[in-house]
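# generate a structure from the sequence data that follows.
(one chain, ligands or ions: 1)
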Amino acid sequence: MAFCRGSKWHKIQFVIAVATILIFVFGLKERKVNIFSKLDGYGREQGRSLSSLNYDYRNENHVWYDKNIPLIWIGGVPRSGTTLARAMLDAHPAIRCGEETRVIPRVLGIHGQMANSNLEMTRLQEAKITSDILDGALGAYILSIIAHHGEPAPRLCNKDPFALKHIKKLSQIFPNSKFILMIRDGRATVHSIITRKVTIRGFNTKSWDLALKDWNRAIKTIYDQCVAVGNKQCLPVHYEQLVLHPKSEMERILNFLNVPWNDSVLHHEKSIGKPGGVSLSRKELSTDQVNKPLNKDALWKWVDHIPQNTRENIGKIAPMLSVLGYDITSKRPTYEKDK
Ligand SMILES: *[C@@H]1O[C@H](CO)[C@@H](O)[C@H](O)[C@H]1NC(C)=O
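Have a look, this model is predicted:
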């Protein structure tokens, strides 16, 4: 009995020793990523700011990020091709997006709620917490999450669909941000949400009409912010166009981002799991779809499922469809732009 216990104890000691050595070795090898959270002057004195594509980050042991980092933000209503867009960009050797962080839209939401409450803002003022202090802290938090949950890259990118409800705030905190707003036919998005039983905060999936109204509200919030920051900072991309015309759409997107063309973006499935390529989460719903090459399967799946009553009143239920250029008169839109 004593012998057995001793042997177990030795095993545990052995495991701890090995683990310590491994942590030490890998800890030393790990690239240090430094985040500057001061309000300004971030790392300028060191003269190392990772803000250009010419920066050879692989030859450096330290990578410095600051609030002038040209972050790429991808978002929109969930089930609108945001995962596809980020997988295609992730396949580019200069861009790293990574999995959804989930915490970024939540902290943005909490800050947004407080900013909208006069009582809270008065209390913060009394505590000498200015909006500059809040933005600096929020920026440091967000940047820390983005920088540390994947490899360093010349262009870091984030895809949390609802982070784009906060485009204005994000562009204040990170003035060189670029936003890619994924837009998809709300009828297809709602069909996908209902059939795949996706739970989305603020979406009632009990009926097509309720879900379409929620889609309308969500896309309006995001679209208005996109328009407000202007077309230099925010680019609306229609999922249908990305799927039907991937080359020209990706050219347009990379051009908008000031990133040189690379063919790898058209074959994202080949970069899955490769170094510098596309890293996927097993817990994200869209993973099974972006595992496959680009395909048009999902464009018209909704057509035979939309209730007749909903179809007849679609203009009233979801007016954003027309605002965004979708054909609501035809039973099966072609999604081809009028020439
Ligand atoms: C695209 O990326 C690959 C992998 O990094 C690289 O070998 C290739 O030269 C790039 N092509 C262009 C056109 O930049």
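
# what is the neighbour count of residue 280?
19 (other Cβ atoms under 10 Å). (Glycine included, C-beta is placed from N, CA and C.)

# show me the contacts for it.
Each residue near residue 280 by Cβ atoms under 8 Å, 6 or more residues apart in numbering is listed here: 87, 99, 272, 273, 287, 290, 291.

# now residue 321
Counting by Cβ under 8 Å, 6+ apart, residue 321 touches 185, 186, 187, 216, 314, 315, 328.

# buried residues in the helix or strand where it lies?
Assigned by DSSP states H and E, residue 321 belongs to helix 320-323. The neighbour-count check on helix 320-323 (16 or more other Cβ atoms under 10 Å) flags 320, 321 as buried.

# stretch 142-161 too?
Residues of stretch 142-161 classed as buried under the neighbour-count rule (16+ other Cβ under 10 Å) are 142-143, 145-147, 150-161.

# of those residues, which belong to strands?
For the buried residues of stretch 142-161, membership in strands holds for 155, 156, 157, 158, 159, with DSSP state E as the criterion.

# per-residue confidence averaged over whatever helix or strand residue 87 lives in?
Under the criterion of DSSP H and E, residue 87 resides in helix 82-90. Across helix 82-90, pLDDT averages out at 96.

# tell me how far that helix is from the chain's mean position?
When C-alpha coordinates are averaged (Cα atoms, centre = their mean, to the nearest Å), helix 82-90 and its chain have centres 9 Å apart.

# contacting residues around that helix?
The contact list for helix 82-90 (Cβ under 8 Å, 6+ apart) reads 72, 74-76, 95-98, 157, 159, 161, 180, 182, 237, 239, 242-243, 246, 250, 253, 265-266, 268, 271-272, 277-280, 284, 286-287, 289-290, 294.

# now the residues you listed: which count as buried?
72, 74-76, 95-98, 157, 159, 161, 180, 182, 237, 239, 242-243, 246, 250, 253, 265, 268, 271-272, 277-280, 286, 289-290, 294.

# the ligand next: which of those are close?
When Cβ under 6 Å from any ligand atom is applied, no member of these is adjacent to the ligand.

# now, those residues that are in strands?
Counting by DSSP E, these contribute 72, 74, 75, 76, 95, 96, 157, 159, 180, 182, 237 to strands.

# got a list of what the third one touches?
Put plainly, it is residue 75. 82, 159-165, 179-182, 222.

# go with 10 Å
82, 85-86, 105, 158-167, 170, 179-182, 222, 226 (Cβ atoms under 10 Å, 6 or more residues apart in numbering).

# can you count the residues close to residue 316?
The local packing of residue 316 (other Cβ under 10 Å) involves 9 other residues.

# what mean pLDDT does the helix or strand hosting it get?
Residue 316 is part of helix 314-317 when elements are defined by DSSP H and E. Averaging pLDDT along helix 314-317 gives 97.

# that older thread, quick check, nearest of the ones in strands among the buried ones among the contacts of helix 82-90 to residue 10?
For those, the residue nearest residue 10 by Cβ to Cβ is residue 96; the value is 42.9 Å.

# what's the closest non-adjacent residue to that closest one?
Once flanking residues are discounted, residue 96 sits nearest to residue 153: 3.6 Å by Cβ to Cβ, 6 or more residues apart in numbering.

# touching, that neighbour and residue 94? I think so.
Yes - contact criterion Cβ atoms under 10 Å: residue 153 and residue 94 qualify, at 6.5 Å.

# ok, the spatially most central residue of the chain - contacts?
By Cα atoms, centre = their mean, the mean C-alpha position of the chain lies nearest to residue 159, the distance being 0.8 Å. By Cβ under 10 Å, 6+ apart, residue 159 lies in contact with 72-76, 82-83, 85-87, 89-90, 97-101, 104, 180, 182, 284.
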